[in-house]
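[1] Sharing a sequence plus its predicted fold:
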Amino acid sequence: MGNLVLPIPNWRDDDTENSAFLPTSGGILDGLPSYAPGNGLHLLMDPNDAAAAHGLPPVTDDGQGQARTAPLTIDEADTNHLVPGFPDGSYLPSPGPKNPIGRVQGYPETGKNAWRAGNDDAIVAAANKYNGENGYFPGDAEYMSPQLMKAWQMRESGGSRQALQTDPFQVNNPRDWASEKYKIAGLTEGQVMTPHASADAALKWLHYKGQIGGNRDHQSLVPYQGLYMALRNYNAAPGTINGIPKKDDYANTVLNNAWASYGDWQK
């Protein structure tokens, strides 16, 4: 049997280093289909070779933000075509919150709405801290469950992704600033908010709102009046909706959504 004779590869040399790479007859790539985008052959080619295969001029990026004319390769991004903002979809760290609370009725949180579950861990941490520091247990008037907090949060910010990711309880809304918020909730006017800071401050402010009773000067506090009155005063919006004071509609919505979504949310 004769010796097997392999074709001699026809590699480019220094004189043709800057020319496009094209397989030649007798080379080791002889017989492969011509280059086409997406066939994997571009992984063997530098950007100038790929540009030539496309019939494009050489790459013009000089590192000063010039637009590229060649196809992008792995790990590259065209900085001239980046779009700011959040495309639709889930940006939660996989596999999601460590302490999921579950959805509030009327506020889906699957698929492109998964961002609504993004504060579950912050809510659970804030509720546990609040109850633990004050010695509140289920059945106590001041007790706060994560389920009620989430229903409350959705009433405030469930329709706005930006609000939910910054100040979900709207406790430091510039339009509602009150000097008491510094002493009661530890907030400063114009403070940059996070979901954790919002949840912690909102619980302190809610408890305070449950003690102001009918005092207009808010100087003389009364014994805590319960969650309904606390939520009613937290909102304190003037006017009516279908003949019902807006503050009452607010409190009813939060408590009813919590019950409809989680059953007895105090357990």
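    Alright, I've got the coordinates. Numbering: from 1, shown residues only.
[2] shaky segments in this structure?
    When the per-residue scores of the chain are filtered using pLDDT under 70, the ranges that remain are 1-95, 213-219, 265, 267.
[3] Kindly report the domain assignment for the chain.
    The chain breaks down by automatic domain parsing into domains covering 19-82, 119-262.
[4] which stretches of the stretch 51-200 of the chain form helices?
    Counting by DSSP state H, counting those that start in this stretch, the stretch 51-200 of the chain has helices at residues 120-134, 146-157, 161-164, 180-185, 195-209.
[5] N242 is nearest to which of those helices?
    With Cβ to Cβ, the closest approach to N242 among the helices of the stretch 51-200 of the chain belongs to helix 146-157: 16.8 Å. To be clear about C-beta, it is placed using only N, CA and C from the backbone, and glycine gets the same treatment.
[6] I'd like to know which elements the closest one is packed against.
    With contacts defined as 3 or more Cβ pairs under 8 Å, 6 or more residues apart in numbering; DSSP states H and E, helix 146-157 has these neighbours: helix 120-134, helix 161-164, helix 195-209, helix 246-262.
[7] got the angle for it vs helix 246-262?
    With axes from the mean of the first three to the mean of the last three Cα atoms, to 10 degrees as the criterion, the two stretches helix 146-157 and helix 246-262 enclose an angle of 130 degrees.
[8] report the angle between the axes of helix 146-157 and helix 120-134?
    Using the same axes, to 10 degrees: helix 146-157 against helix 120-134 is 120 degrees.
[9] Put together JSON lines for the helices of the stretch 51-200 of the chain, with distance to N173 and mean neighbour count on each row.
    Below are those laid out as JSON lines (distance: least, Cβ to Cβ, whole Å; neighbours: other Cβ atoms under 10 Å):
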{"stretch": "helix 120-134", "distance to N173": "18", "mean neighbour count": "18"}
{"stretch": "helix 146-157", "distance to N173": "9", "mean neighbour count": "25"}
{"stretch": "helix 161-164", "distance to N173": "9", "mean neighbour count": "16"}
{"stretch": "helix 180-185", "distance to N173": "10", "mean neighbour count": "16"}
{"stretch": "helix 195-209", "distance to N173": "10", "mean neighbour count": "22"}
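[10] I'd like those written out as TSV, with distance to V104 added.
    Shown next, in TSV, are the helices of the stretch 51-200 of the chain (distance: least, Cβ to Cβ, whole Å):
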stretch	distance to V104
helix 120-134	11
helix 146-157	4
helix 161-164	12
helix 180-185	24
helix 195-209	15
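[11] do you know how far the closest residue to G190 other than its chain neighbours is from N235?
    Nearest residue to G190 in three dimensions, chain neighbours excluded: P174, at 6.8 Å (Cβ to Cβ, 6 or more residues apart in numbering). Per Cβ to Cβ, to the nearest Å, P174 is found 17 Å from N235.
[12] If you count surrounding residues, which of these two has more?
    Between P174 and N235, counting by other Cβ atoms under 10 Å, N235 is the more crowded of the two (20 against 8).
[13] Tell me which residues touch that one, please.
    Taking Cβ atoms under 8 Å, 6 or more residues apart in numbering as the contact definition, N235 lies against 246-247, 250-251.
[14] same thing with P100?
    The neighbours of P100, taking Cβ under 8 Å, 6+ apart as the test, are 117, 120.
[15] Looking at the helices and strands packed on helix 146-157, which is nearest to S179?
    Judged by Cβ to Cβ, the one of these that comes nearest to S179 is helix 195-209, at 12.7 Å.
[16] got the angle between the very next helix or strand once past the closest one and helix 195-209?
    Scanning the chain past helix 195-209 towards its C-terminal end, the next helix or strand to appear is helix 227-235 (assignment: DSSP states H and E). With the same axes, to 10 degrees as the criterion, the two stretches helix 227-235 and helix 195-209 enclose an angle of 110 degrees.
[17] Next one: the residue nearest to G190 relative to M154, how far apart?
    As for P174, its distance to M154 is 22 Å (criterion: Cβ to Cβ).
[18] just T240 next, same as before
    22 Å.
[19] number of nearby residues for Q211?
    As a burial measure, Q211 scores 17 neighbours (other Cβ under 10 Å).
[20] Which residues are in contact with it?
    Contacts were defined as Cβ under 8 Å, 6+ apart; by that measure Q211 touches 221-225.
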